[in-house]
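Visitor: Fold the following.
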Amino acid sequence: MKFFFPDSQDLVDPSFDFQTEKRNDLRIRQRDDLYAHEVFPSPPYDGMLVSKAIVEGTGSSTGRYTLGQQRRFSAEGVREFLRLAPHLKIMGDCGAFSYVREPEPPVTVEEVTRFYAESGFDIGASVDHVILEYNPQWDSKAHGAPPVPDDCVRRQELTLELAREFLQNAKKQKLQFEPLGVAQGWSPGSYAKSVSALQKMGYSYIALGGMVPLKSPEILAVLEAVSEKRKPETRLHLFGVTRLDHVVQFASHGVISFDSTSPLRQAFKDDNDNYYAEDRTYVAIRVPQVDINPAMKNKVLSGEVNQGDAFRMERQCLEALQQFDKGRFKRAELLKLLHEYQQMFGVDRKNNMAAYEELLTDKPWKSCPCAVCQNLGINVVVFRGAERNRRRGFHNLFVTYRKLQRLI
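Guide: Residues are numbered from 1 along each chain as shown. Now for the predicted structure:
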């Protein structure tokens, strides 16, 4: 089972000073900042997934790469740009969720094929159009059952048509990347139909798209239906799905790879599950930045909060956290200080105090062997700014990949 990490320009600045919160003025992001595979002695994934939509944009989307980065990516190729070791695989896709509201994909098969070939991808996904709705009842033959919406049928047919054109184009040009056919559906039966059609075209590596919003039982139901049509030599990839608790079941249905940004995103997008430990998750300690937080800015401008007091308490919280990590500050006093600071922001996180106490009692960063925890100490569990939050996401990748290796 291989884990691919999607690229979204997630890098960290090694020059960032966590005490002064300043960085090297001469730093150039693409040259000096580090990807997750450069932070750890061993990469926390088996490869990376790069979307054309992220690099160049599609339709109304502009992508995340600057014009300079796009030129460098084109000149160097994907492997050199990402500074990836030869043993790490690179998968490409179109980034279909970026144009999901469009009536048709705003990219052509020729454009996508050229993107994969010229950039040096190992695996390239066919052009697809995501089906957002999932309703197995649409396949029911019972009298009065609701029909399948025309848009779902049209998107599936279009995805298969583009997959056929994509494979023919790749074979005709004798391109070096492995074609990955994308299946879209709205039910277990419709996904099985797509996989069957892709196999008949000649695909032996097939990705199931549109799975992100599905619950684990629904994903398993799809895989069970697909298994009835899957040839022994056909390998499956799951787009955007982690679900480590079900990895063994996924593998039994022919899944050999998946990709997900969840471990990184949960570090700063989730309300509670920010820091991964081996057997559980913890909430990160929020210490908002006075000069950046919009709520605090409004309170200062309205005169409700004295800016000097806010800066002083912010600094006290940060210093108390560092001293606590060194065993020089009492947990109860730290919790009181954090609660007072969050009340100043008008955010009553009293319920979080119990979670904070649990985190500060267990101190999971102390026993974690990853390079992030070893270097950052308590900073890794502080919810504050991209440099801390993204490193915590890198830690989560490390834990996720470690769990996956144990399951394998």
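Visitor: Which parts of this protein are strands?
Guide: 2-6, 47-51, 89-93, 123-125, 178-183, 205-208, 235-238, 255-259, 275-276, 281-282, 285-286, 382-383 (DSSP state E).
Visitor: So which of those is nearest G57?
Guide: strand 47-51 (10.0 Å; Cβ to Cβ). C-betas here are computed from N, CA, C, even on glycine.
Visitor: what does that closest one contact?
Guide: 2-7, 78, 82, 84, 88-95, 98, 121-122, 259 (Cβ atoms under 8 Å, 6 or more residues apart in numbering).
Visitor: one step back: include distance to A145 and mean pLDDT when you put the strands of the chain into TSV, please.
Guide: Converted to TSV, the strands of the chain look like this (distance: least, Cβ to Cβ, whole Å; pLDDT from 0 to 100):
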stretch	distance to A145	mean pLDDT
strand 2-6	37	98
strand 47-51	36	98
strand 89-93	34	97
strand 123-125	33	98
strand 178-183	23	98
strand 205-208	24	98
strand 235-238	28	98
strand 255-259	30	97
strand 275-276	43	98
strand 281-282	41	97
strand 285-286	48	94
strand 382-383	47	96
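Visitor: JSON lines for those, including distance to H37?
Guide: Output for the strands of the chain, formatted as JSON lines (distance: least, Cβ to Cβ, whole Å):
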{"stretch": "strand 2-6", "distance to H37": "8"}
{"stretch": "strand 47-51", "distance to H37": "8"}
{"stretch": "strand 89-93", "distance to H37": "12"}
{"stretch": "strand 123-125", "distance to H37": "18"}
{"stretch": "strand 178-183", "distance to H37": "21"}
{"stretch": "strand 205-208", "distance to H37": "22"}
{"stretch": "strand 235-238", "distance to H37": "20"}
{"stretch": "strand 255-259", "distance to H37": "15"}
{"stretch": "strand 275-276", "distance to H37": "18"}
{"stretch": "strand 281-282", "distance to H37": "23"}
{"stretch": "strand 285-286", "distance to H37": "28"}
{"stretch": "strand 382-383", "distance to H37": "24"}
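Visitor: Among the contacts of strand 47-51, name the buried ones.
Guide: By neighbour count, with 16 or more other Cβ atoms under 10 Å, those hold 2-7, 78, 82, 84, 88-95, 98, 121-122, 259 as buried.
Visitor: if we can go back for a sec, nearest to D325, of the strands of the chain?
Guide: strand 382-383 (10.2 Å).
Visitor: what's the distance between that closest one and the middle of its chain?
Guide: 19 Å (Cα atoms, centre = their mean, to the nearest Å).
Visitor: so what strands line up beside that strand?
Guide: strand 285-286 (parallel) (DSSP bridges).
Visitor: you'd agree L220 is up against D245?
Guide: No: applying Cβ atoms under 8 Å as the test, L220 and D245 come out as separate, 11.1 Å apart.
Visitor: Comparing these two, which residue is more hemmed in?
Guide: L220 (17 against 10; other Cβ atoms under 10 Å).
Visitor: List the residues that contact that one.
Guide: Here L220 is in contact with 246, 249 (Cβ under 8 Å, 6+ apart).
Visitor: State the pLDDT value of it.
Guide: Note on L220: pLDDT of 97.
Visitor: Could you tell me how far it is located from Q249?
Guide: To Q249, L220 is 6 Å away according to Cβ to Cβ, to the nearest Å.
Visitor: Contacts only, for the residue lying closest to Y191 once chain neighbours are set aside.
Guide: The shortest distance from Y191 to any non-neighbouring residue, by Cβ to Cβ, 6 or more residues apart in numbering, is to G185 (3.5 Å). By Cβ under 8 Å, 6+ apart, the contact set of G185 is 131, 156, 191-194, 208, 210, 222.
Visitor: OK, contacts around the residue nearest to the spatial centre of the chain?
Guide: Geometric centre of the chain, nearest residue: T261, 1.1 Å, by Cα atoms, centre = their mean. Neighbour list for T261: 5-6, 8, 240 [criterion: Cβ under 8 Å, 6+ apart].
Visitor: try 7 Å
Guide: With contact set as Cβ atoms under 7 Å, 6 or more residues apart in numbering, T261 has these partners: 6, 8.
Visitor: and the chain, what are its domains?
Guide: Split into domains by automatic domain parsing, the chain comes to 46-260, 268-407.
Visitor: So for V39, which of those domains sits nearest?
Guide: domain 268-407 (5.6 Å).
Visitor: Now do stretch 329-344, average pLDDT.
Guide: Per-residue scores along stretch 329-344 average to 93.
Visitor: CA atoms only: put that stretch into CSV for me.
Guide: Taking Å, rounded to 0.1, in the frame of the first residue of the first chain, the C-alpha atoms of stretch 329-344 are listed here in CSV:
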residue,chain,number,x,y,z
PHE,A,329,6.4,26.6,35.1
LYS,A,330,3.4,25.0,36.7
ARG,A,331,0.7,23.5,34.5
ALA,A,332,-2.2,25.0,36.5
GLU,A,333,-0.7,28.5,36.2
LEU,A,334,-0.2,28.0,32.5
LEU,A,335,-3.7,26.9,32.0
LYS,A,336,-5.0,29.9,33.9
LEU,A,337,-2.9,32.3,31.8
LEU,A,338,-4.1,30.7,28.5
HIS,A,339,-7.7,30.9,29.6
GLU,A,340,-7.3,34.6,30.5
TYR,A,341,-5.7,35.4,27.1
GLN,A,342,-8.4,33.6,25.1
GLN,A,343,-11.1,35.4,27.1
MET,A,344,-9.5,38.7,26.1
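Visitor: burial count for I54?
Guide: 20.
Visitor: What separation do you get for it and G63?
Guide: For I54 relative to G63 (Cβ to Cβ), the value is 6 Å.
Visitor: One more: N272?
Guide: Taken as Cβ to Cβ, the span from N272 to G63 is 32 Å.
Visitor: Ok, G254 next?
Guide: Distance from G254 to G63, by Cβ to Cβ: 33 Å.
Visitor: do the same with E38
Guide: 23 Å.
Visitor: between these two, which one's more packed in?
Guide: In this view E38 and G63 are compared by other Cβ under 10 Å, and G63 has more residues nearby, 19 against 14.
Visitor: Can you report how many residues lie near the residue nearest to that one when sequence neighbours are not counted?
Guide: Leaving aside its sequence neighbours, G63 sits nearest to G57 (Cβ to Cβ, 6+ apart; 3.5 Å). The number of residues packed near G57 is 19, by other Cβ under 10 Å.
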